[in-house]
Structure formats: C-alpha cells, structure tokens
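*Asks:* Attaching a predicted model along with its sequence, questions to come.
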Amino acid sequence: MLQVAVCAADVERFDPPTGRTKSTLTLHDGARFAAGRNGTGLVLPGNSYAEWSPGKALSTQAGTLTMWVSPLWSSAERSHTFLSFRWSGNRQSYFALSQGWWEPGGERKLYGVLSNQDFAFCLMPWKADYTLYLPNQWTQLGVTWQAGNPGVLRLYVDGKCICERRRPFAGDAQSTAPLFLGADRGTTDQRGRAADFIIDDLTTLPYAVSNEQMWTQYRQAGGDDRSKWLLAITSAGRPRAPATENRVMVDEGDHWSRSTTEMRRTIDRLSTAGFNIYVPCIWDGGRALFPTDKARFAAWIRNVARPEDDPLQAMIAYAHQRGIQVHPWFIVAGRPAGDYPAEFIDGAPTGAFNVQSESFRRFIADVIVDVAKRYDVDGINLDYIRSVAVCTSKQCAQDYRAEFGRSLEADWQLQQTGQVVPSLVQWNRRAVTDIVRRIAGGVREARPGIPISIDSVPFDHSRMHQGVDDAGWLRDKLIDGILYMSYDDPMDIEGVSHAVSELGGEHLVILARNYDPFDSRIVDRSGALIADYVELKRTLWPASGIGFYHYPHFTNDQASTLRARVFRDTAEVAWPARDTLSRR
C-alpha cells in the first residue's frame, strides 16, 4: 500500500494549548475546544472564529492543505468559510476555502481559491446542489497546488478530486499570519460568512500531493468511499425494486473468450448478483472475439469448423440458461494499434477510423450485422459511434470546402471554444448516421425486435460535433436505447435528468463506474457504494436502467451487497423481453 509522506507536515489537532510549540491559536466569539473526530476538535458555532499561526508559512510555490469538518448548520442556505488568509505582497491576493463564494453566482458551491488575483480557483462541478456534509458525520476537504505555466490546482472532497484547474500562477508569495478559521477575514471579499462547524486534524504540507496520495491518506485516516451527496439523496427511503429493470454489466475484457471455465464463472457471478443483461466487448476496433470471415479475430479462436470452439456461441447459450441476455458490444470508430486498409485511416484522428470513408462504413456495418445473422444475440451495443475528432485528409478538406465554403480544420478549432458550428455537425452527423442506418437496417432484418443501444453522453457539445444524434436516432427508430456514461463523481445529476426528460427514461441505462481511478492506481468501489448508485437511480430516474462499467472490477463484495440489498428480487429486462423476440 502506498504510504503518504508526512515530512515537514504541520498538523493542528486542536489539542488544548498546553504544550503547544509549533503553532498558535487564538479563539474568538464563542469558539471553544470540544470532542472532535480524533480527541479534541475546534467548535466554531455561528460567527465565531479562530486565528491560527502555523509553525511554517504556506507558499504559492506548492502546497497541500486538508481538514476534517462536521456541520453544525441546519440549513445550507448560508455560506460557510472554513479557512482564509492573505498572501504576502501588495497584490491583495488571498486564499479561501469556503462552502459558497462570490455569491450569488457561487452560493452553495464549494470553492477552493488559491489566488483571486491569478484567477486560480476550483469549485464543485455541475449545476445541481450537492450535499457534501451530513449531520454528525465528518467530511475531509483538501486543496493541493503547484505553481508553474501552467500551474495546477486541485480540490478534493473525501479523498476524491472534484476539480482540477490548470492556469499560470507564480510561486513567490507566502501566507501572512494569522490564518482565519471559520471566517472570511483574510480576504478582500468579506461578507461576514458564518462558520458553524467543527474542525479537526488541519494539516498543511509544503508540496503538492497526487490524487493517489490524497486518497490513500484519506483512507488511512479512516474515511470510507460512500459519497455523502449520494447518501443525502437516497436517505429519504429505500425505493422498491421494480419488476422490470435493466440491470447491466459491461465488460471490456476478453477473459470469457479464453476459457469455458472462466466464461461460466462470469455468467454465474452475474446471475447470482442479480444482473439480467451482459454487454461483453466482442470487437475492440481491430480484433473479433468470434470466428468471422469479415475481419481479423483473436489468435486463440483456432478451429472455426467446430461450434464448440466458438466462445461467443457458447457464452450466449450458457447466459440464456442462467436468465441473462447478451448484448454484444462493438467499438465502432475506435482504432487500436495495427495494420488497416489505407482508405480506412487516411486522415483519420489518432486512435480512430475515418468515418468519412464509405468503405470503412460498409466494413464495420458488415462485421456487426454478420453477428446478428449468425448468433442468438438479444441486442447490439455500439460504442465510439462518432468521429472521435476530425478528418484531416486533403480530400476531406476539399469536400468540406466545396459543400460549405468553410475550412474544416478551422471549424473544428472553433467548436473546441464552445461555439456551435452547424456545418460541422451536419458533416460528421451524415457520415455517422450512415453507419447507424446500415447497422440498424441489417440487424432489424436479421433479428426483428432486438434492441440496438449506443454508449453516449446525450447532448454533449463535443459529441454533437463528432456526429452523434442521440435524439434523432431514437426518433427515427435507428436505436432503442442509450447507455448514459455517467462516470463522473459527483455524477452530473442535472445532465442525466435533462436526458431523461428529453429522451424518455425508459430509453436510458445510467452507467456508473464500479471502480475509482487515482492516477496509476485503480481502486475497486465498495459494494455499499455500488448499491447506493442503484438506489440513486431508483430515486431520481425510476424508469431508467442501471449499469456498471466494468466486469474486471466486479468484486465479491459488490456482488453480495447488490444481491442482499438492491437486487434481492429478480427483474425482467425492460427492453424487449426474450420471449417476445422473433428469432431465426
């Protein structure tokens, strides 16, 4: 396990002042010591505050600050400043860590302001109102920074980075004493913001820590991985499990195709946990996990003459025995390393095929339709069904200018600034929709009634310019559902709610991660947190399905908790049921 270095750390545990040597603490207006998270904490009711002088000044060059807080407030309407102080020099630059800042625009948002004069600040993302503090519970807040051009600033809640911002700022200033706990007195934006919380274990470091180090430190201090914003939403009551609900597990691995034993183990675990749809990746953009004369397939699929050597056929048959539908997953325009026909990749973005190539569009549709013709699949799932970036070939540039009288490269750069470029949307949408239409036509003919789904983030600006048309494809019945890739933590609640409202919840599966990435380290999420996501979905979007990405991080703890807590009762698939499908 990674051990977090604590050299040169300045830790304020708020023990009584007797024996205090490195730092000084002066209490004002009712601030007092009382029981904290570990031993003694500092209680700051109402507008009380404390002046703190750490043993060593902080520097804008680099640093890390963490603290544990527990709310005393009963309503989140007011702003609450946790810490503020001035930086040295005559720039009137300040640091602030506050729940609510620059109101009214920043009310109810957690802010970490490293330097107001350098516009170096981070805040809670998205527009929804997220609860980060629960009564009688402790939340760890953290800020870390490193000066440079650009410099980096990150804001953390309970060990997880919720915001990262890169912009230039210098490392030539030091904190000036005192630092104000529970007050905005250290800033030039003084509005009498309240404290009204308990604080404990305030730690500063003279260097920036990584995401992995922050998470490890949080866990070593006794923090768990259940998000308070999730618990606040689901605490009103546990929704009943519906009789029909898409319960999806996505699997990007190839383990099931290498061993019959592993395939059966995978299906058995999913069935026992309560899932009813399995979405295994059978085409990664360059290699098939099934025998085919349409494309390259994996080397371990050797004897194509014997059905028992076909792992996909065997897996589908066994999944059906265990009551699980199989919706094979195809990475459409994503391109792994390898040799490909020149017409597929001429001008293609890095790591992608050129969707403007008619020969590529015909090829990928043939690969996918062939599976629908030859296998007893229950659905088809399309990922990377977009251009990924923009075609850079001379032919693309000429064709685009001939049709629109504009520069393709310039328009791509323009959309990256946030502007909508209708000609670019039309250009990529026409090509990508052609792929979807070819696939839908072939699949509908081969297996009438099976659902076709895509992996997407509906109404995303960049994806729209990459040719994605979620609403149009649903309207035209080219697709039947969307796996909404809501991998962020916190989840974009407003974004998901907008998609549910506009597209219909019955068409969506809310796809969450069952792991957390911390730099190079991947940490599997607890079963309790995974079950929280199921209850979130049932609370806010009851008509939608729930899914998790992805199987290699599906732990026994997750499986047992899902079955015991939220998947105790089996559910029928909400998309067309197996016994209603026409099969050939």
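*Replies:* Yes, it's here. Numbers count the residues shown, from 1 in each chain.
*Asks:* Show the subsequent helix or strand relative to the worst-scoring helix or strand of the chain on mean pLDDT.
*Replies:* Scoring the helices and strands of the chain by mean pLDDT, DSSP states H and E places strand 10-12 at the bottom, with a mean of 88. Following strand 10-12 in sequence order, the next helix or strand is strand 24-28 (DSSP states H and E).
*Asks:* and that next one, which strands flank it?
*Replies:* strand 49-53 (antiparallel) (DSSP bridges).
*Asks:* who's in contact with the partner strand?
*Replies:* With contacts defined as CB atoms under 8 Å, 6 or more residues apart in numbering, strand 49-53 is touched by 12, 23-29, 31, 42, 44, 177-183, 185, 195, 202. For the C-beta atoms, the positions are set from N, CA and C on the backbone; glycine is no exception.
*Asks:* buried subset of these?
*Replies:* 12, 23, 25, 27-28, 31, 42, 44, 178-183, 185, 195, 202 (16 or more other CB atoms under 10 Å).
*Asks:* Just the ones of those residues in strands?
*Replies:* E12, L25, L27, H28, L42, L44, P178, L179, F180, L181, L202 (DSSP state E).
*Asks:* ok, L134 to W73 distance?
*Replies:* The spacing between L134 and W73, counted by CB to CB, to the nearest Å, is 12 Å.
*Asks:* residues of stretch 558-569 that come out buried?
*Replies:* So stretch 558-569, judged by 16+ other CB under 10 Å, has buried residues Q558, A559, T561, L562, R563, R565, V566, F567.
*Asks:* State the mean pLDDT of that stretch.
*Replies:* For stretch 558-569, the mean per-residue pLDDT is 97.
*Asks:* Quick one: end-to-end length of that stretch, please.
*Replies:* 16 Å (CA to CA, to the nearest Å).
*Asks:* do the same with stretch 91-109
*Replies:* From start residue to end residue, stretch 91-109 stretches across 26 Å - CA to CA.
*Asks:* How about residues contacting that stretch?
*Replies:* For stretch 91-109, the surrounding residues in contact (CB under 8 Å, 6+ apart) are 58, 65, 67, 76-87, 110-118, 123-124, 129, 132-133, 141, 143, 173, 175, 184, 186-189, 191, 193.
*Asks:* Mind doing that once more with 6 Å?
*Replies:* 79-87, 110-113, 115-117, 123-124, 129, 186-188 (CB atoms under 6 Å, 6 or more residues apart in numbering).
*Asks:* Same question for stretch 154-162.
*Replies:* Residues from elsewhere that reach stretch 154-162 (CB under 6 Å, 6+ apart): 112, 122, 132, 140, 142-144, 163-164, 211, 214-215, 218, 223, 489.
*Asks:* Can you give me the first-to-last residue distance of that stretch?
*Replies:* When the termini of stretch 154-162 are compared using CA to CA, they are 8 Å apart.
*Asks:* Stretch 404-417 too?
*Replies:* Note: stretch 404-417 ends 20 Å apart using CA to CA.
*Asks:* What is the burial count for Q321?
*Replies:* By other CB atoms under 10 Å, the residues close to Q321 number 11.
*Asks:* Got the confidence number for it?
*Replies:* 98.
*Asks:* Which strands and helices lie in contact with the top helix by length along the chain?
*Replies:* Counting by DSSP state H, the longest helix found in the chain is helix 422-446. With contacts defined as 3 or more CB pairs under 6 Å, 6 or more residues apart in numbering; DSSP states H and E, helix 422-446 has these neighbours: helix 358-374, helix 461-465.
*Asks:* can you do 7 Å?
*Replies:* helix 358-374, helix 408-415, helix 461-465 (3 or more CB pairs under 7 Å, 6 or more residues apart in numbering; DSSP states H and E).
*Asks:* Pull the residues that contact the second one.
*Replies:* Outside of helix 408-415, the residues within contact range by CB atoms under 7 Å, 6 or more residues apart in numbering are V390, C396, A397, Y400, V421, S423, L424, H465.
*Asks:* quick check: angle from that helix to helix 422-446?
*Replies:* Between helix 408-415 and helix 422-446, the angle comes out at 100 degrees (axes from the mean of the first three to the mean of the last three CA atoms, to 10 degrees).
*Asks:* which parts of helix 408-415 are buried?
*Replies:* In helix 408-415, counting by 16+ other CB under 10 Å, buried: L408, D411, W412, L414, Q415.
*Asks:* swap in the last one?
*Replies:* Residues of helix 461-465 classed as buried under the neighbour-count rule (16+ other CB under 10 Å) are R463, M464, H465.
*Asks:* Same check on the first one?
*Replies:* Burial within helix 358-374, assessed by neighbour count using 16+ other CB under 10 Å, is assigned to F360, R361, F363, I364, A365, V367, I368, V369, D370, V371, A372.
*Asks:* swap in stretch 133-145?
*Replies:* Neighbour-count burial for stretch 133-145 flags Y133, W138, T139, Q140, L141, G142, V143, T144, W145 (criterion: 16+ other CB under 10 Å).
*Asks:* swap in stretch 165-172?
*Replies:* R165, R167, F169, A170.
*Asks:* which of the residues you listed lies closest to W473?
*Replies:* R165 (34.9 Å; CB to CB).
*Asks:* Tell me how far I282 lies from S88.
*Replies:* From I282 to S88 the distance is 61 Å (CB to CB).
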